[in-house]
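Novice: sequence plus the predicted model coming up.
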Amino acid sequence: MTTGIARNPWLVVFGSALALRLIGIASSLLWYDEAFTAIMAKLPFAQMLAAVTGDVHPPLWYLIEWVIAHTIGASELTFRFPSALAGAGSTVMLYQLVKKLSGEQEARWASGLLAVMPGQLYYSQEARMYALLTFLTLFGANAVMDRKWFR
């Protein structure tokens, strides 16, 4: 009988990546751009949508943060946690993509390197949309490789 980890080695990478991203995630106050996100997320829904229509970023991140602020609460941790999840999820998406292109060993190396990349760690601890962008890009690349156009 094999364990879940033996069948899904990406679980180790995901768990490790998430743990790295959670270390000290709430140790500093929100900075300027993060504070802007927090202010938008605390507004009533219609007001938030109206306020972000002129922003250069698509509104998906603000919608995610709005749901969190109005259900779980507003703190450094709650605003930054979705980035940590997206950053750790990116390691899984990269693992799957590289496994299709090259093989198991290369996929483990690639996702392991992504898990510890300083830039990825930085953006995975910010209450901004950059980690989600990485995740969605890799998700889209996987969908193209699988020819799953609806994804």
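Specialist: Structure's in. What do you need?
Novice: most centrally placed residue in the chain?
Specialist: Central residue of the chain (CA atoms, centre = their mean): Ala86, 1.4 Å from the mean position.
Novice: where do the helices of the protein begin and end?
Specialist: Under the criterion DSSP state H, the chain carries helices at the ranges 4-7, 10-22, 32-42, 45-52, 60-71, 76-101, 104-116, 118-123, 130-146.
Novice: name the helix or strand of this protein that has the lowest mean pLDDT.
Specialist: helix 4-7 (a mean of 64; mean pLDDT, DSSP states H and E).
Novice: circling back: verify the stated contact: the residue nearest to the centre of the chain with Ala131.
Specialist: Yes - counting by CB atoms under 8 Å, Ala86 touches Ala131, with 4.1 Å between them. Heads up, the C-betas are built off the backbone N, CA and C, glycines and all.
Novice: list the residues that contact both of those two?
Specialist: Here Ala86 and Ala131 have Ser124 as joint contacts, going by CB atoms under 8 Å, 6 or more residues apart in numbering.
Novice: one step back: could you identify which of the helices of the chain is most buried?
Specialist: Mean neighbour count (mean count of other CB atoms under 10 Å) peaks for helix 76-101 among these, with a mean of 22.
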